[in-house]
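Chemist: Sequence isn't available, so here's the structure alone:
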């Protein structure tokens with residue numbers, strides 16, 4: 001028989017879900033609220049749905065203080081939302097960097113455009129500050145080839161992740177890295193419930 005997964009309820013909407021489907025938070029020794037995106041940090045956890053609306057409401061109504069039975073240092077609700085979003089972005093960035101180290105990345109607008117004519121990568125990241133002409137060209141080619149693409153980082157950040165100068169487009173080969181990035185990206189998009197620049 002399949003083992004039942006542990007369940008917890010969202011501090012905001014009280015919906016009961018499996019732990020793996022919720023956002024987990026723990027307290028640091030100084031009682032600072034820490035997002036535990038991998039659900040691996042020690043200590044008692046508190047949970048919300050993986051949506052900014054539930055997180056913001058839980059923070060606004062002091063639900064974390066009630067759950068942890070005392071003062072919780074978390075900043076404003078909007079600051080907490082921004083912190084979680086930044087942590088999610090960091091995870092996507094880290095997997096892009098790992099894919100590059102593994103030799104699974106091609107970068108640069110012309111290189112990726114040419115790649116799309118020869119074979120199909122797993123996922124493409126287009127810089128947020130790319131020139132409209134190049135961005136639209138790559139997006140069109142990716143859509144035509146059935147390749148998912150997203151816009152999240154600027155050219156400087158993308159280049160830094162690859163240990164290079166500015167990069168406007170990054171393509172990740174099909175396989176484990178692209179699938180992991182896709183899952184992290186889906187989580188990020190769901191957090192914003194459609195209200196994000198990630199496309």
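Modeler: Thanks, I have the structure now. These figures come from a predicted structure and were not determined experimentally.

Chemist: tell me which residues of the helix or strand of the chain with the lowest mean pLDDT are tucked away?
Modeler: For the chain, the helix or strand with the lowest mean confidence is helix 109-118, at a mean of 87 (criterion: mean pLDDT, DSSP states H and E). Residues of helix 109-118 classed as buried by neighbour count (16 or more other C-beta atoms under 10 Å): 109, 112-113, 115-116. To be clear about C-beta, it is placed using only N, CA and C from the backbone, and glycine gets the same treatment.

Chemist: So which residues of this structure form helices?
Modeler: 52-60, 63-67, 77-101, 109-118, 132-145, 155-161, 176-192 (DSSP state H).

Chemist: Need the winner for burial among those.
Modeler: helix 52-60 (a mean of 21; mean count of other C-beta atoms under 10 Å).

Chemist: Show residues contacting that helix.
Modeler: 10-13, 23, 48-49, 63-64, 74, 76-78, 80-81, 84-85, 191-193, 195 (C-beta atoms under 8 Å, 6 or more residues apart in numbering).

Chemist: Give the other helices and strands that the least confident helix or strand of the chain contacts.
Modeler: Helix 109-118 sits against helix 132-145, strand 169-172, with contacts defined as 3 or more C-beta pairs under 8 Å, 6 or more residues apart in numbering; DSSP states H and E.

Chemist: just to revisit the earlier point, and which of the buried residues of helix 109-118 is nearest to residue 95?
Modeler: residue 112 (17.6 Å; C-beta to C-beta).

Chemist: roughly how far is stretch 185-195 from the heart of the chain?
Modeler: Remark: stretch 185-195 is offset 8 Å from the chain centroid, using C-alpha atoms, centre = their mean, to the nearest Å.

Chemist: In terms of mean pLDDT, which of the helices of the chain ranks lowest?
Modeler: Lowest mean pLDDT within these: helix 109-118, at a mean of 87.

Chemist: what does that one rub up against?
Modeler: So helix 109-118 is in contact with 106, 121, 124, 130, 134, 137-138, 141-142, 145, 147, 168-171, going by C-beta under 8 Å, 6+ apart.

Chemist: ok, now stretch 76-92?
Modeler: In contact with stretch 76-92 (C-beta under 8 Å, 6+ apart) are residues 23, 33, 35, 37, 52, 55-57, 59-60, 74-75, 152-153, 181, 184-185, 187-188, 191-192.

Chemist: which residue sits closest to residue 43, ignoring its sequence neighbours?
Modeler: Nearest residue to residue 43 in three dimensions, chain neighbours excluded: residue 26, at 4.4 Å (C-beta to C-beta, 6 or more residues apart in numbering).

Chemist: Count the residues that sit near the one you found.
Modeler: For residue 26, the count of nearby residues is 18 (other C-beta atoms under 10 Å).

Chemist: now the one 4 residues further on
Modeler: Applying other C-beta under 10 Å, we find 6 other residues in the vicinity of residue 30.

Chemist: Next: residue 151.
Modeler: 18.

Chemist: just the one 3 residues further on next, same as before
Modeler: One way to gauge burial is a neighbour count; for residue 154, by other C-beta under 10 Å, it gives 16.

Chemist: is it true that it touches residue 129?
Modeler: Yes - if you go by C-beta atoms under 8 Å, residue 154 and residue 129 touch, sitting 4.7 Å apart.
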